[in-house]
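Chemist: Provided below are the primary sequence and the corresponding predicted coordinates.
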Amino acid sequence: DTDTDTDTDTDTDTDTDTDPDPADVDDDGDGFTENQGDCNDADMSINPGAYDSCVDSADTNCNGTGFDQATTGGLSYALLSDAAQALTDGATLEICGTVPDALVIDGVDNVAVVPTAGTTSGISGGTSVQNAQDITFQDLALSQSGGAALTVTNAGVDVTGATMSSSTSGLVADGSTVSLTNVAIDGSSGRGIRVSNTALALTDVDITNSANGGMRADTGSFVNFSGLVQFVSNTTSSDGGGIRLVGGSQLVANGPVVFETNSAARGGAIFAQGSTTSVSLLQTGSPHSFERNEATSTSAGDGGGAIALDGGTLMVVDATFDGNTAAQDGGALLIGGGTSTVVDLIAVEATGNFAAARGGAVLVRDGAGVTVEDSVFTGATSVTSQGGLVSMVGDTSSSFTAARSDFQFGFANEGGGFHLNASSGSTGHT
């Protein structure tokens, strides 16, 4: 102690001053002390409020890991689930690298999910969006080993520049509006896409190698294609190797669609069923293409190597059907479903299609009506039965009307060009 009474002697009073705990002192001036969680109080860039970049291993936010999964609101989080809980309307969620955690976005709107700058990022634990609008995903790899890569329920979602893979489906949506742009869905063990009561827009999308068909649209869904949409090497033991459209759903393609080497029991590329279901492949400047698709069912009356239509309407404008096959009827197209079924084929070129039974290129039955304009059907084969190019069977009200079209080089046991099955009461008009 110092001499406080000026008598030259050292005072012997008790020391009453207190020195602060060093851990309560903010040594580096970053606003945090060691007792407040600063894990390096000699470096002001390291503190609990710092941004923890996922491009290095430094634990800059003192949460115990140098590899945080996500960042939002200026804070980084060790777990993606914690970051999702912190989301607010209008937030941006940055994904750091490939994250094994699941992402659930529920009840917040206008959220952008993006990769951290300079990283290749994705979510491998599955992503779910529900009760939310204007949610965007950009340049991410979305996957899940035990469920859909992306599930959307009562929500609005836009996905751009993404890849999707899953042990079930790439996308499952119900009661939602979903847009996919520049997206690749590959290798799903279920349908690549399954939507119900949903508006779905695909632009420049590839759906490949799905083990239970490329896409299913059900319960009044509306599907719109633009850009180039491709279905390649999708298979199913059910119907619709590329697309299964049922329950009054509608498909409109304003861009070229490619169906190649897809297979199904009925409708190797497309299966559509129901009186209010419709398919419209419109003129786009580049032809739609159906090549080497296959209908595999050997049951009598099944088929449609490229398209099987069981009710509803079909319009195809500017398309090629090349090398499609059916194990039974309709090497390229099988048209049925009753008198309400209406088909228009305009500027179609069908070459080298093959049916093991009837209708090497086309089979019409059940009162369906088909109109063909400005088209060419050539080189089709009905191996064991009737109608090398076109076969008409069943209901007497079935019709086939052609204008400004060529039919040539059909091969069959009966009727190399056309076969009208009079024994079953069918009448046809050409």
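Modeler: Received the coordinates, thanks. Model, not experiment: these values are computed from the prediction.
Chemist: which positions within stretch 124-140 qualify as buried?
Modeler: Neighbour-count burial for stretch 124-140 flags 124-130, 132-137, 139-140 (criterion: 16 or more other CB atoms under 10 Å). All C-beta atoms are positioned from the backbone trio N, CA, C, and that covers glycine.
Chemist: report the distance from it to the chain centre.
Modeler: 13 Å (CA atoms, centre = their mean, to the nearest Å).
Chemist: which one of the buried residues of stretch 124-140 is nearest Val111?
Modeler: Checking the buried residues of stretch 124-140 against Val111 with CB to CB, the nearest one is Ile135 at 5.2 Å.
Chemist: so that closest one makes contact with Gly156?
Modeler: Yes. With contact defined as CB atoms under 8 Å, Ile135 counts as touching Gly156 (6.8 Å).
Chemist: from start to finish, how long is stretch 363-371 in a straight line?
Modeler: This stretch, stretch 363-371, spans 13 Å end to end (CA to CA, to the nearest Å).
Chemist: what's in contact with that stretch?
Modeler: Stretch 363-371 has contacts (CB atoms under 8 Å, 6 or more residues apart in numbering) with 301, 303, 309, 329-330, 333-339, 341-345, 355, 362, 387, 390-403, 426, 428.
Chemist: how about the contacts made by Thr88?
Modeler: Counted by CB under 8 Å, 6+ apart, Thr88 has contacts Gly73, Val108.
Chemist: for it, report the pLDDT, please.
Modeler: The model reports Thr88 with a pLDDT of 97.
Chemist: picking up where we left off before, now the two most distant members of the buried residues of stretch 124-140.
Modeler: Ser124 and Gln133 (25.6 Å).
Chemist: now which of the contacts of stretch 363-371 would you call buried?
Modeler: Of the contacts of stretch 363-371, these count as buried by 16+ other CB under 10 Å: 301, 303, 309, 329-330, 333-338, 341-345, 355, 362, 387, 390-395, 398-400, 402, 426, 428.
Chemist: mind listing the helices for the protein?
Modeler: 80-85 (DSSP state H).
Chemist: which residue is nearest the middle of it?
Modeler: The centre of the chain sits closest to Ile193, judged by CA atoms, centre = their mean, with a distance of 4.4 Å.
Chemist: and it, how far from Ser340?
Modeler: The spacing between Ile193 and Ser340, counted by CB to CB, to the nearest Å, is 27 Å.
Chemist: same deal with Asp366?
Modeler: Distance from Asp366 to Ser340, by CB to CB: 10 Å.
Chemist: okay, the two: which has more neighbours?
Modeler: Asp366 (19 against 14; other CB atoms under 10 Å).
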